[in-house]
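> model the following, please.
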Amino acid sequence: MGQNEDSLGIDWLPGRLVERMQARRGRLNAFDSLVARRTALVVIDLTVLFAGDDPAAGPVVARINRLAEALRNAGGLVAWVRPAPAGYDALAEAVLGADPAARYRRATDPGHPLAALHPGLTIGRDDLQAAKRGYSAFFPGASGLPERLGAAGIDTVLIAGAVSNVCCEASARDAFARGFRAVMLADANLGREDENRAALAAIYRNFGDVRSVTEAIALLGASSDPGSRQGRERDGCDCAPTGDQGD
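Numbering: from 1, shown residues only. Below you'll find the predicted structure:
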């Protein structure tokens, strides 16, 4: 991850792309504000399988914890998404290879050590947890998360996790397709740097926005929305976050 803690999301993007999109939009970023109580941090597949041995995971986990705490305090939601138990068939074996497919199959079984969230993550009591089938958490029928977020009044999702150019990018694309403002967090997605940058560029160009964790926290702090969890409850949302992994 090649930027420092004070970097901007656009620092991860090709300069020519930023210039072109600024000319088209009339501004650098698609979304200039975040309303905390309408915002969810959605952390994709940050499990031991995908992050346990990655040396870059420590700083990413720390950034995610920092943003999650800020968002909870401001009245937003945090959601942790893991792969659902899956039967990797002949098609998956043909694409992934027999040994990786078998490993992924085992690692999605409930209770398997590789299926656990990264041990450095701080999970809040009221955080949502969900399981997804396939790559994207927002693909129709893959997870009940989009409906739960919609019922909670969420219209913006901050995407973090692993791996940036696979499940995270797929989730951001489908979130946009389902009407959510999708923001990829440049320094909170794990992946090879060149592939991470390519995924960020694709989202910035066609599907949403790219920000750093520091930027996202600043935007939450600048929000004029009173945004408390109690405020959401007063507004009539009865979709209390739960600790299970079901849909």
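> contacts and neighbour counts: CA atoms only from here.
Noted.
> now A131: which helix or strand?
In this structure, A131 sits in strand 128-132 according to DSSP states H and E.
> quick check, distance from whatever helix or strand comes next after that strand to the centre of its chain.
Remark: after strand 128-132, the chain's next helix or strand is helix 145-151, criterion DSSP H and E. Offset of helix 145-151 from its chain centre (C-alpha atoms, centre = their mean, to the nearest Å): 14 Å.
> what is the burial count for N29?
Neighbour count of N29, defined by other C-alpha atoms under 10 Å: 18.
> do the same with E19
Neighbour tally, E19, other C-alpha under 10 Å: 12.
> got it, and D99?
Using other C-alpha under 10 Å, D99 has 10 neighbouring residues.
> so it is in which element?
helix 98-107.
> could you list the buried residues of that helix?
Buried residues in helix 98-107, defined by neighbour count with 16 or more other C-alpha atoms under 10 Å: 101-102, 104-107.
> could you do stretch 130-146 as well?
130-139, 142-146.
> any idea of the pLDDT on the spatially most distant residue from the centre of the chain?
In the chain, A90 marks the outermost C-alpha relative to the chain mean, sitting 29.2 Å out by C-alpha atoms, centre = their mean. In this model, A90 is scored at 83, pLDDT.
> could you do F139 as well?
Here, the pLDDT recorded for F139 equals 97.
> contacts only, for it.
With contacts defined as C-alpha atoms under 8 Å, 6 or more residues apart in numbering, F139 is in contact with 171, 174-175.
> again, only using 7 Å
Neighbour list for F139: D174 [criterion: C-alpha atoms under 7 Å, 6 or more residues apart in numbering].
> which elements pack onto the longest helix along the chain?
Looking across the chain with DSSP state H, the single longest helix is helix 57-74. Contact partners of helix 57-74 among helices and strands, from 3 or more C-alpha pairs under 7 Å, 6 or more residues apart in numbering; DSSP states H and E: strand 181-190, helix 213-222.
> what average pLDDT does the first one get?
If I follow you right, that is strand 181-190. For strand 181-190, the per-residue pLDDT averages 97.
> cool, and the last one?
Averaging pLDDT along helix 213-222 yields 94.
> list the buried residues of that helix.
Those would be 213-217, 220-221, for helix 213-222 by 16+ other C-alpha under 10 Å.
> give me the phi and psi for the residue nearest to P110 when sequence neighbours are not counted.
Closest residue to P110 apart from its sequence neighbours, by C-alpha to C-alpha, 6 or more residues apart in numbering: P85 at 7.2 Å. Dihedral pair for P85: phi -50, psi 130, per degrees, to the nearest 10.
> could you do V43 as well?
Residue torsions, per degrees, to the nearest 10, at V43 are phi -100, psi 120.
> and the buried residues of helix 98-107 as CSV, adding pLDDT?
As requested, the buried residues of helix 98-107 are exported to CSV (pLDDT from 0 to 100):
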residue, pLDDT
A101, 81
A102, 81
Y104, 80
R105, 82
R106, 80
A107, 81
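> now tabulate these in JSON lines and tack on distance to A36.
As requested, the buried residues of helix 98-107 are exported to JSON lines (distance: C-alpha to C-alpha, whole Å):
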{"residue": "A101", "distance to A36": "39"}
{"residue": "A102", "distance to A36": "40"}
{"residue": "Y104", "distance to A36": "35"}
{"residue": "R105", "distance to A36": "36"}
{"residue": "R106", "distance to A36": "37"}
{"residue": "A107", "distance to A36": "34"}
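> identify the farthest-apart pair in the buried residues of helix 213-222.
Pairwise distances across the buried residues of helix 213-222 peak at 12.4 Å for V213 and G221 (criterion: C-alpha to C-alpha).
> right, and L77 touches A40 too?
Yes - counting by C-alpha atoms under 7 Å, L77 touches A40, with 4.5 Å between them.
> where does the prediction get shaky in this protein?
1-5, 87-88, 224-247 (pLDDT under 70).
> what bridges to the residue nearest to the spatial centre of the chain?
By C-alpha atoms, centre = their mean, the mean C-alpha position of the chain lies nearest to I159, the distance being 2.3 Å. Beta-bridge partners for I159, by DSSP bridges, are V42, M184.
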